[in-house]
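# turn this into a structure:
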Amino acid sequence: MQGPGNGRDTRLYAENCTGRVFGVDISVAIDSAYSHLKSYPNAHLIQADLTLLPFPRVTSTSLLAIRCYTTHATCDAGISV
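Numbering: from 1, shown residues only. Next comes the predicted model:
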């Protein structure tokens, strides 16, 4: 899966919305995004699998996956929000 990369898209959302913005990546590449987003208080980065998001079911109101690619079979189960 491709995550937030250097945080460019996450930053754009954080700058242009009033809600909390989450960038998710399963790999240690999340560290690169973190270094670029320290000054955005509404931007949150999480190292996790998109199919196993660490949010309580009632708190997730919307999910937008941009440039989300998968190459493993476990994603056939879908994403539950």
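# and residue 53, how far from residue 7?
Using C-beta to C-beta, to the nearest Å, residue 53 is found at 18 Å from residue 7. (Glycine included, C-beta is placed from N, CA and C.)
# revised request: answer the last question for residue 15.
11 Å.
# more neighbours: these two, which one.
Counted by other C-beta atoms under 10 Å, residue 15 and residue 7 do not tie: residue 7 has more neighbours, with 22 against 11.
# hmm, that one is touching residue 43, no?
Yes - counting by C-beta atoms under 8 Å, residue 7 does reach residue 43; the two are 7.5 Å apart.
# between these two, which contacts overlap?
Contact criterion C-beta atoms under 8 Å, 6 or more residues apart in numbering; residues shared by residue 7 and residue 43: 23, 37.
# where does the prediction get shaky in the protein?
Where the chain drops to pLDDT under 70, the residues are 1-3, 58-81.
# distance check, residue 20 against residue 56.
Distance from residue 20 to residue 56, by C-beta to C-beta: 14 Å.
# cool, residue 21 as well?
Using C-beta to C-beta, we find residue 21 at a distance of 18 Å from residue 56.
# for this structure, just list every one of the strands.
Here the chain has its strands, by DSSP state E, at 21-25, 43-47.
# pairing partners for the first one, with directions?
Using DSSP bridges, the strands paired with strand 21-25 are strand 43-47 (parallel).
# buried ones in the partner strand?
For strand 43-47, a neighbour-count test (16 or more other C-beta atoms under 10 Å) marks 43, 45, 47 as buried.
# specify the beta-bridge partners of the last one.
I take that to be residue 47. As for beta bridges, residue 47 partners with residue 25 under DSSP bridges.
# please renumber the chain so that the first residue is 32 from this point on.
Happy to do that; since the first residue is 32 now, the last one works out to residue 78.
# which residues touch it?
Residues in contact with residue 78 (C-beta under 8 Å, 6+ apart) are 55-59, 61.
# filter the residues you listed down to the buried ones.
Among the contacts of residue 78, those classed as buried by 16+ other C-beta under 10 Å are 55-57, 61.
# hey, C-alpha coordinates of stretch 71-79 in CSV?
The C-alpha trace of stretch 71-79 is given here as CSV (Å, rounded to 0.1, in the frame of the first residue of the first chain):
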residue,chain,number,x,y,z
TYR,A,71,-0.2,21.3,11.6
PRO,A,72,-2.2,20.6,14.8
ASN,A,73,-5.2,19.0,12.9
ALA,A,74,-2.9,16.6,11.0
HIS,A,75,-2.5,13.2,12.6
LEU,A,76,-0.3,10.4,11.3
ILE,A,77,-0.8,6.8,12.2
GLN,A,78,1.2,3.7,11.4
ALA,A,79,-1.5,1.2,10.6
